[in-house]
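1. Please find the sequence and the predicted model below.
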Amino acid sequence: MNTRRKVYLYTGGSILFWAGSATAFKQALASLTPVMLLWSASLISLVVLALLLVAQKQIALLKALKPGEWGGLLLLGVLNPFLYYIILFEAYALLPGQMAMSLNYLWPVVLALLSVPVLGHTLGWRNILAISLSFTGALIIATRGEMLQLRGVSITGVVLALVSTVVWAFYWLLSARIRVAATVKLFVGFLSGSLLTLIYALFAPGGLLPSSGIPWFSMLYVGLFEMGLTFFLWLKALQMADNAARVGNLIYLTPFLSLFFLALFIDEPIYNSTLVGLMVIIAGILAQQYWSGRPE
């Protein structure tokens, strides 16, 4: 198989797997608490990442990590998977899948905002306009198009979905400062995050898992494809692509495919406001990417 076909295969697989995540979240959370889902899926992901380390013969890279790198990567695990997913799963438990998923796509916008105080970046008027456009899209989704009120929507769920974007953006900003192989970075992070989640779950109400009706398929899907293997496929696609930016923009097909899966597999009615708001968010993100670094 030539390189171009591999890029398409890895990219298509990433889009398909991540598109199914919102459906898997909702199916799993119908039987599990967010904590139950997180500890089980993160441990599954940890096993997957360990196997990837062995398959790529990167165990030596793990042994070569400096104490400071170990400390930084273990701290990253507190952000992802622990904080990020516990907040995100709580949002999914309170909101329709389409709403939680769409609001979560604001994270590139939040990343641009946080890069100002954290990295010292500046935002021109075009960037501010693009960011404002994305937040308008989020408002359309959260209010189901009514703009000035939250009717029949969990305010707590909306806030949690937005907070998850802040945690994810912080994770990427801090992760970029630790220059080690991506699989090593994910494995060490999931090592600390999974153990922290398991300890937290031991003291959480409801126990580790329900006595019956465990959604094994959804748990495995989240662990394998949302948290573990798909990150590897996506990074491989970007590394092998002639134009990483063009491949990267294909990821914005994911939320629309995700809406299709939500409607198909769990019969969730898709609101017109979700489609409109999602298109507005992505238009703002793409405009912000286009204008970043260009003269005003």
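-> Thanks, I have it. It should be emphasised that the depicted structure is a prediction, and the values quoted were computed from it without experimental measurement.
2. Give me the below-cutoff pLDDT ranges for the stretch 101-250 of the chain.
-> 145-151, 245 (pLDDT under 70).
3. Apply 90 and report the result again.
-> Low-confidence segments of the stretch 101-250 of the chain, defined by pLDDT under 90: 105, 107-154, 172-173, 175-183, 204-213, 227-250.
4. At which residues are the helices of it located?
-> For the stretch 101-250 of the chain, the helices defined by DSSP state H, counting those that start in this stretch cover 107-119, 125-142, 155-175, 182-203, 216-221, 229-240, 244-249.
5. would TSV of the ones you listed with mean neighbour count and distance to residue 53 be doable?
-> For every residue, glycine as well, the C-beta is placed using N, CA and C. Rendered in TSV, the data for the helices of the stretch 101-250 of the chain read as follows (neighbours: other C-beta atoms under 10 Å; distance: least, C-beta to C-beta, whole Å):
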stretch	mean neighbour count	distance to residue 53
helix 107-119	18	27
helix 125-142	20	36
helix 155-175	19	17
helix 182-203	20	6
helix 216-221	17	20
helix 229-240	19	10
helix 244-249	13	24
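6. can you put those in TSV and add distance to residue 272?
-> Putting these into TSV (distance: least, C-beta to C-beta, whole Å) gives the following:
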stretch	distance to residue 272
helix 107-119	22
helix 125-142	10
helix 155-175	19
helix 182-203	37
helix 216-221	28
helix 229-240	29
helix 244-249	24
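7. Looking at those helices, which is nearest to residue 46?
-> Across the helices of the stretch 101-250 of the chain, residue 46 has its closest neighbour in helix 182-203 (4.6 Å, C-beta to C-beta).
8. Show me the contact partners of the closest one.
-> Contacting residues not belonging to helix 182-203 are listed as 35-36, 38-39, 42-43, 45-46, 49-50, 52-53, 56, 58, 61-62, 65, 70, 73-78, 80-82, 86, 175, 178, 208, 227-228, 231-232, 235 [C-beta atoms under 8 Å, 6 or more residues apart in numbering].
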